[in-house]
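1. Next input, structure requested:
(chains A, B, C, D and E, ligands or ions: 4)
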Amino acid sequence: MLQINNLWKSYGDQIVLERIHTEVQAGDFVTMVGASGCGKSTFLKMLLGTEVPSKGQILLDGQPLAAEPDADRGIVFQQYSVFPHLSVLDNVIIACAFSQSPWTGWLGRTRKAAARQAAEAMLDKVGLSHALQRYPHELSGGMKQRLAIAQALMLKPRILLLDEPFGALDPGIRADMHELVLGLWREHQLTVFMVTHDLKEAFYLGTRLWVFDKVRHDPQAPHRYGASLTYDLDINRKRGSDLQGAALLKDIQARTAPTVALAG
Amino acid sequence: MLQINNLWKSYGDQIVLERIHTEVQAGDFVTMVGASGCGKSTFLKMLLGTEVPSKGQILLDGQPLAAEPDADRGIVFQQYSVFPHLSVLDNVIIACAFSQSPWTGWLGRTRKAAARQAAEAMLDKVGLSHALQRYPHELSGGMKQRLAIAQALMLKPRILLLDEPFGALDPGIRADMHELVLGLWREHQLTVFMVTHDLKEAFYLGTRLWVFDKVRHDPQAPHRYGASLTYDLDINRKRGSDLQGAALLKDIQARTAPTVALAG
Amino acid sequence: DTKKDFNVCWSIYVGWMPWGYMKDHGIIKKWADKYGISIDVTQINDYVESINQYTAGGFDACAMTNMDALTIPAAGGVDSTALIVGDFSNGNDGVVLKGKDKLTDIKGQNVNLVELSVSHYLLARALETVGMKESDVTVVNTSDADMVAAYSTPDVTATVTWNPLLSTITQMPDSHLVFDSSKIPGEIIDLMVANTQTLKDNPDFGKALVGAWYETMALMSDPGPDGQAAREAMATASGTDLFGFESQLETTRMFYTPQAALGLTRDAELKATMQHVAEFSYEHGLLGDGAPNAGFIGVETPTGIYGSDSNVKLRFDPTYMQMAADKQL
Amino acid sequence: MKRMINLRPDRSWRMMLTLLPFALLLLVYILSSDARLALNPNDKLLPSFAQFASTMQQMVFEPSKRTGELLFWQDTFSSLQRLGLGILIAATLGLVIGLLTGALPLVSAAFSPLLTVVSLIPPMALLPILFIVFGLGELSKVVLIVIGIFPFIARDIQKRAQEIPAEQLVKSQTLGAATPAILLRVLLPQLMPRLIDAVRLSLGAGWLFLIAAEAIASTDGLGYRIFLVRRYLSMDVILPYVAWITLLAFLVDWLLAWANRRLYPWYHQGGL
Amino acid sequence: MKRMINLRPDRSWRMMLTLLPFALLLLVYILSSDARLALNPNDKLLPSFAQFASTMQQMVFEPSKRTGELLFWQDTFSSLQRLGLGILIAATLGLVIGLLTGALPLVSAAFSPLLTVVSLIPPMALLPILFIVFGLGELSKVVLIVIGIFPFIARDIQKRAQEIPAEQLVKSQTLGAATPAILLRVLLPQLMPRLIDAVRLSLGAGWLFLIAAEAIASTDGLGYRIFLVRRYLSMDVILPYVAWITLLAFLVDWLLAWANRRLYPWYHQGGL
Ligand SMILES: Nc1ncnc2c1ncn2[C@@H]1O[C@H](COP(=O)(O)OP(=O)(O)OP(=O)(O)O)[C@@H](O)[C@H]1O
Ligand SMILES: Nc1ncnc2c1ncn2[C@@H]1O[C@H](COP(=O)(O)OP(=O)(O)OP(=O)(O)O)[C@@H](O)[C@H]1O
Ligand SMILES: [Mg+2]
Ligand SMILES: [Mg+2]
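-> Ligands and ions are numbered 1, 2, ... in the order given. From the prediction side, this is the model:
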């Protein structure tokens, strides 16, 4: 579905990403790890359309990707993802409102009632039906992320982008969220790209694990070379049971340390 | 060294802590866990002197504890612990300056030179000697906490209070910090109180583990009863190897969930 | 009690420009030195503020008009003496209509002027001459600093003001001067007013001021190059040029000699003028809430006292001007 | 003995301490006033409280001889009307300009520098041009207030709009929203409480410009009265009027703060 | 076509867009001026640029006949001196009061309410009393500026002092510091960049009060000159003076912003 041809990205004379070639099939769950600052978020931004590749192309179904965000691609950030001035319910209803009347964001009575029903159903799925009238500041971190996910899934985007969505959550809540995301991924047959700092999480959730790292180094001018895709692993869905050899894991850990490590 | 007699603390008609009796010996490393909001920070604040017990006493060497913070008790918070307007070196030098001239915080030339030497030595110990002239905003989270610890240890306080000092750190860095704190604790023979959300950390670091929990419940009026010390475990220093029975651990986890969990 | 240091204030107006000139050219210092005192002359841009400062005791003497002397310091209980009668307005204040050329056309219009000032008084006197009352027009208080700009808007159709604003306004297209102070000569008088008690305790202060004033008057009225230089300096200080300044002087009856000033002071008309002023002020509540009638505050003139002789607060005293006339300073 | 920094007065002490400086100021006033009145019973600069009472009694309760109005209420009403209208317009204008320049890079490129320059021009100095354009009536007074404060509000709102996390804008776009919908449904509602804060900050300037405007050409209003009676130094009118203006300013500020808390609870409790 | 919200002008477009409204304004001025001058060649309201040039040429380069000074520079110098002094004093006073009321609960209880009330009093209305107390010399002009802006600065600094995390104060105490040391070494240095920000915000008001003060009692200064020629409607002096004041205000603001970034890098790069 997605085809990425010789993608480069640089800011000024700092090359962030270089020579990325890959293809992604509909339904893939791609988890992405790499040292801090290596360009994972930048890559997501290019998929999203808020950054433009410096060289190369991203093709969606053979067509160049739209150069600005649209309803095809949903996103969940680590923070700030929800609208603070709207209640939980309105935060989801507005997703329908925006998609149905892009110019004003207003819905008539009947369409509003329909949107409300759909929103309530979605919130039920993410376990927020007891908090419909609360405002985001009254929610815990986990509840906020569940709301953000509900928002993003409302329009059934073909591609879902997640940038460290669970980084700020407690371990217990994180586990719940994993189940939620996997459930929704299966049900809606999404294509998911997820950045994480937690290798274990990456192995657990993904069907493919991408590791970003620099292949070339110039100690005098570290900005001369950018990171590329150094590993692209197919992960057996019987998760965790058959990790691909301790050596590989150690290698990945060493390259991406100190910011990525098996939690605990 | 410390004696705590029938300690109660309430805010208005909300009882936070009740009936805490215990004694702490010099050199103890007390780690404290408990559900969010159960009063761990409040307990530390009373040890620190920024909150006053509503009932009961805390005796230090038989004398009531001073009712405001002083140089006997060092503290490291989860955040905001260092002075943003001072370089790393000055952040530590100011500790000497405050203790030597409490009124103005100014040191003469000679005393300043001595303070500078001592500060450099301490920063070397926490591994910050390469960053002496940097400002806190130029440091990573782990470096900031190391700086805060160096600051707190500069005056060799008898008691060191740590309130979730590593909560904001990545797992890899967290492990380094554990070694650092254990080393300093041994070397300076400190008495340490540390709050954490990570049970594994609590077992790993402490010589005593305290669990805060409510013993009495009134479902109609949850604020009627406060938390108390429900477990006070002596932990064998051969850490981790002989955890006190899986059953106990499970029990503690269940009581303090969802905010405390074995990370990962 | 006697003292050595005195403060005098004045504000920018054609008849008072000599005070600035005296300060800049050392004339005031010369006369103060002669009597062994010091006099500090301060220019204040806001006329009302200068009188307020004098009334509150911040200055020993201040340049003001006869009406303001009555309504501000005198009504405020500060016994004041008109030390120098400098000039009277002889066309320097006027009523201007836009698009109309008869005073009677003013009926029903909004009239922009500085409320409760001599302009207001002039309007009242003008209306009297055509048998109208103040209630026939609507007075809109307008600050003098903004008068010219205000007049150039279509909203303003009638105004009462003084020079140099007046001449700027009458030069604008379709403006007609329908009444001016030359029709009520000697009623709007520009004075140097001093605190009576201070003057009594320190006659040298009065002598120095009067001496300096008439020396400057002689210079100012000199048709030769010295006089022209002096007038030119005053012109620039007031923000205009020699031509503009002299055209303002034309509508001002300056008393260049003490004799001329004494003429007005000793005229019985002065008492009648002050009665007019007092009555106007009383009607507008300027004499204070406690005033039972227009004569509540006594005004002493050489020809007699107007109003209450037990509450004399404003005195026209010819003594010092007479000394100047007699060349005894 | 605790450190000074740790000493907190309890309720009754706090009350005492609060009243103390006011009481002292009052005392100083009474003593100075008495001293001046002893020297000159007609002194107008610092009237006694009896004088205040009788003057204000007249202005508040007795119809004016000239116009038949209760002057005090008439003045208050006119001034509040002008101020209210001026602030309303300035707030609306500031909100629109701030929103557009804050959210749309193109509009910002065109108008931000102009806005900066406009905000630096002292409006008083341009009065003549204002008069020509807006006349001398009520309009020009309102316009002076508007010109005086809208640049501040607009720049504040612009900054606030830029502070709203870009993530929200991106999120809206992934939900399909076009620019107008983002402006109206995401930015505008979040800027409302910030607008109220900006208005509160600019109220002081608003009063200043109101008083200045009323000093220029007017027949009533609190500022008008103060300037009029300044002509004969009637501090028995000026001081109560100043106290009244201060009280009104306080009330308006308090009311706005209260409304803001009531209307936008999400803004105050930590925002996002 | 991208959404409006995503359109960013490149460098040259941005420049164009920035200049556009200024060019338009200039054009409007020239057209209006020409129209008025065609009707009445003596019109003073909107002078032509030739008139500006010749008037300013005189004021900038030719010594005044009366005093022998270059009026324009003399005015600029006097005004900047007054403004500088006034702002310096206001900033110092504001810093001290803000620091003490922000850090010490006892002082806050006594003075915060008074400060709030003082900040709401319109200073213009109290001019007579100000002048009586402080005389009419340079002092009173500086005092008007000080009274006009110090309450704002003090309240801002107070709020900022309270925003400094309590953890830092506790930490200082555990290091043995007494109150004065905490004030001097922890709070004061952190408040300095915030003070500069507060001064920048109050500069506009500072200019306003300067102009007002110079209009009342002064013999030179930018505000004085504008006041003096206003009665002749000499817009050929007023408009260039206003432009000059705007430029000066811009420069001062820019300078302060620059100094703040240079002196306190830790404040700008994320603070903590
Ligand atoms: N707008 C920008 N202008 C210039 N450089 C940028 C910009 N955005 C990102 N960078 C640089 O690009 C590099 C990659 O940044 P990016 O945020 O993609 O890293 P990341 O892999 O997401 O890191 P992290 O794990 O910390 O989130 C960094 O060195 C960053 O400094
Ligand atoms: N100053 C205060 N006034 C009123 N209630 C307070 C105050 N400080 C704390 N509390 C209440 O006391 C209880 C205990 O708070 P505390 O911060 O000690 O919890 P904690 O165990 O540290 O929680 P966490 O793990 O989230 O840090 C909470 O219910 C809190 O709401
Ligand atoms: Mg990232
Ligand atoms: Mg806590």
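2. Smallest gap between the stretch 101-250 of chain C and ligand 2, at which residue?
-> residue C:143 (55.2 Å; CB to the nearest ligand atom). From N, CA and C alone the C-beta is placed, and that goes for glycine too.
3. which residues does that residue contact?
-> C:114, D:215-217, D:227 (CB atoms under 8 Å, 6 or more residues apart in numbering or on different chains).
4. please redo it, this time with the cut-off set to 10 Å
-> For residue C:143, the contact set (CB atoms under 10 Å, 6 or more residues apart in numbering or on different chains) comprises C:46, C:48, C:112, C:114, C:150, D:127, D:212, D:214-218, D:227.
5. One more: residue D:198?
-> D:90-91, D:94-95, D:98, D:149, D:152-157, D:159-160, D:191.
6. Quick check on the residues you listed: which are buried?
-> Among those, those scoring as buried are D:90-91, D:94-95, D:98, D:149, D:152-157, D:160, D:191 (criterion: 16 or more other CB atoms under 10 Å in any protein chain shown).
7. For the residues you listed, give me a markdown table that also has distance to ligand 2.
-> What follows is those, written out as a markdown table (distance: CB to the nearest ligand atom, whole Å):
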| residue | distance to ligand 2 |
| --- | --- |
| D:90 | 40 |
| D:91 | 37 |
| D:94 | 38 |
| D:95 | 37 |
| D:98 | 37 |
| D:149 | 39 |
| D:152 | 36 |
| D:153 | 36 |
| D:154 | 39 |
| D:155 | 37 |
| D:156 | 32 |
| D:157 | 35 |
| D:160 | 30 |
| D:191 | 32 |
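8. Narrow those residues to those in helices?
-> Counted as lying in helices by DSSP state H, out of the buried ones among the contacts of residue D:198, are D:90-91, D:94-95, D:98, D:149, D:152-157, D:160, D:191.
9. just to revisit the earlier point, now the contacts of residue C:143 in CSV, with pLDDT and secondary structure?
-> Shown next, in CSV, are the contacts of residue C:143 (pLDDT from 0 to 100; DSSP: H, G, I helix; E, B strand; the rest coil):
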residue, pLDDT, secondary structure
C:46, 83, coil
C:48, 86, helix
C:112, 92, strand
C:114, 89, coil
C:150, 86, helix
D:127, 80, helix
D:212, 87, helix
D:214, 89, helix
D:215, 83, helix
D:216, 80, helix
D:217, 78, strand
D:218, 84, strand
D:227, 84, helix
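10. which phi and psi does the residue of the stretch 101-250 of chain C closest to ligand 2 have?
-> When read as degrees, to the nearest 10, the backbone of residue C:143 gives phi -70, psi 140.
11. Get me the contact residues on chain D for ligand 2.
-> Within chain D, no position is adjacent to ligand 2 by CB under 6 Å from any ligand atom.
12. what residue ranges in chain D score low on pLDDT?
-> Within chain D, the ranges that satisfy pLDDT under 70 run D:66, D:269-272.
13. can you give me the helices for it?
-> So, for chain D - with DSSP H - the helices run D:11-39, D:49-61, D:71-103, D:105-120, D:127-134, D:138-163, D:166-174, D:179-181, D:188-216, D:222-230, D:235-263, D:265-268.
14. Find the centremost residue of the chain, please.
-> Picking chain A for this. Residue closest to the average C-alpha location in chain A (CA atoms, centre = their mean): residue A:162, at 1.5 Å.
15. not quite, I wanted chain D
-> Centre-most residue of chain D, counting by CA atoms, centre = their mean: residue D:203, 1.9 Å.
16. wait, that one sits on residue D:256?
-> Yes. Between residue D:203 and residue D:256 there is a contact at 7.9 Å, judged by CB atoms under 10 Å.
17. from the contacts of residue C:143, which are also near chain A?
-> Restricting the contacts of residue C:143 to those within reach of chain A (CB under 10 Å from any CB of the partner chain) leaves nothing.
18. Pipe those residues into CSV and attach neighbour count per row.
-> Output for these, formatted as CSV (neighbours: other CB atoms under 10 Å in any protein chain shown):
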residue, neighbour count
C:46, 21
C:48, 24
C:112, 28
C:114, 24
C:150, 26
D:127, 22
D:212, 23
D:214, 27
D:215, 22
D:216, 25
D:217, 26
D:218, 26
D:227, 24
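19. Pick out whichever of those sits closest to ligand 2.
-> Nearest to ligand 2 among the contacts of residue C:143, counting by CB to the nearest ligand atom, is residue D:212 at 46.4 Å.
20. Show the contacting residues for the residue in the stretch 101-250 of chain C positioned nearest to chain D.
-> In the stretch 101-250 of chain C, the residue that lies nearest chain D is residue C:149 (3.4 Å; CB to the nearest CB). Applying CB under 10 Å, 6+ apart to residue C:149 gives the contacts C:142, C:156, D:126-132, D:136, D:216-217, E:44-45, E:230-231, E:233, E:235, E:238.
21. Now it: which helix or strand?
-> helix C:147-151 (DSSP states H and E).
22. That helix: what's the following helix or strand?
-> Trace forward from helix C:147-151 with DSSP H and E and the next one is strand C:158-162.
23. What is the subsequent helix or strand relative to that next one?
-> Next along from strand C:158-162, by DSSP H and E: helix C:165-170.
24. quick one on the thing from earlier: now, which of the contacts of residue C:143 sits nearest residue B:69?
-> Ranked by distance to residue B:69 (CB to CB), the contacts of residue C:143 are led by residue D:212 at 51.4 Å.
25. ok, that closest one touching residue D:124?
-> Yes. Residue D:212 lies in contact with residue D:124 (CB under 10 Å); the separation is 6.4 Å.
26. Find residues that contact each of the two.
-> With CB under 10 Å, 6+ apart, residue D:212 and residue D:124 have common neighbours D:144, D:148, E:208, E:212.
27. hmm, back to that, contact partners for the residue nearest to the centre of chain D?
-> Counting by CB under 10 Å, 6+ apart, residue D:203 touches D:83, D:87, D:149, D:249-250, D:252-253, D:256, E:120.
28. got the buried residues for whatever helix or strand residue A:179 lives in?
-> Using DSSP H and E, the element containing residue A:179 is helix A:171-188. Neighbour-count burial for helix A:171-188, with 16+ other CB under 10 Å as criterion, is recorded at A:171-175, A:177, A:180-181, A:184-185.
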